[in-house]
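**Q** coordinates for the following, if possible.
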Amino acid sequence: MSPTPLWRKSSRSAQAGNCVEVATNMMDTALVRDSKLGDSSPIMVLSRKVFAGFICSIKSGRLDG
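**A** This is a model prediction of the structure:
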C-alpha cells in the first residue's frame, strides 16, 4: 500500500500569495501542489532527483526572471 502524502507548505509561501505544498515521503517521487486549492489541486509528480535539481536551480537564482 502506498503511503499517504504528508504535505508541508513551502517556507516562502507567504510571499505574494504564492502557496506551494510539497510531499517528499513518497519513496522515489516528490509531489507538488497549490495549497490554496488543497485536495482539489492538480499534483505535479517529479522524481526525487529532478525535484532536487529544481530546488538547486531555485536557490542558485538561475530561474529568476
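**Q** hey, let's count contacts and neighbours off CA atoms from now on
**A** Noted.
**Q** what about Gly20, how many neighbours?
**A** Quick fix: residue 20 reads Val, not Gly. Val20 is flanked by 20 other residues according to other Cα atoms under 10 Å.
**Q** just the strands from the protein, written as ranges.
**A** 8-9, 20-26, 29-34, 43-47 (DSSP state E).
**Q** hey, which of these is tucked in deepest?
**A** Among the strands of the chain, strand 29-34 has the highest mean neighbour count (mean count of other Cα atoms under 10 Å), at a mean of 20.
**Q** roughly how far is that one from the heart of the chain?
**A** In terms of Cα atoms, centre = their mean, to the nearest Å, the centre of strand 29-34 is set 4 Å apart from its chain centre.
**Q** quick one: contacts for Ile58?
**A** Asp64 (Cα atoms under 8 Å, 6 or more residues apart in numbering).
**Q** how much space between it and Gly38?
**A** 23 Å (Cα to Cα, to the nearest Å).
**Q** swap in Cys56?
**A** Counting by Cα to Cα, the gap from Cys56 to Gly38 is 26 Å.
**Q** now Val32
**A** Taken as Cα to Cα, the span from Val32 to Gly38 is 11 Å.
**Q** do the same with Leu6
**A** Distance check for Leu6 against Gly38: by Cα to Cα, it reads 13 Å.
**Q** with Lys59 instead?
**A** With Cα to Cα as the criterion, Lys59 and Gly38 are 25 Å apart.
**Q** got it, and Val45?
**A** 16 Å.
**Q** just Leu63 next, same as before
**A** Counting by Cα to Cα - Leu63 and Gly38 are separated by 26 Å.
**Q** tell me, how many neighbours does Gly61 end up with?
**A** Using other Cα under 10 Å, Gly61 is surrounded by 9 other residues.
**Q** er, Ser35 actually
**A** Counted with other Cα under 10 Å, the neighbours of Ser35 add up to 19.
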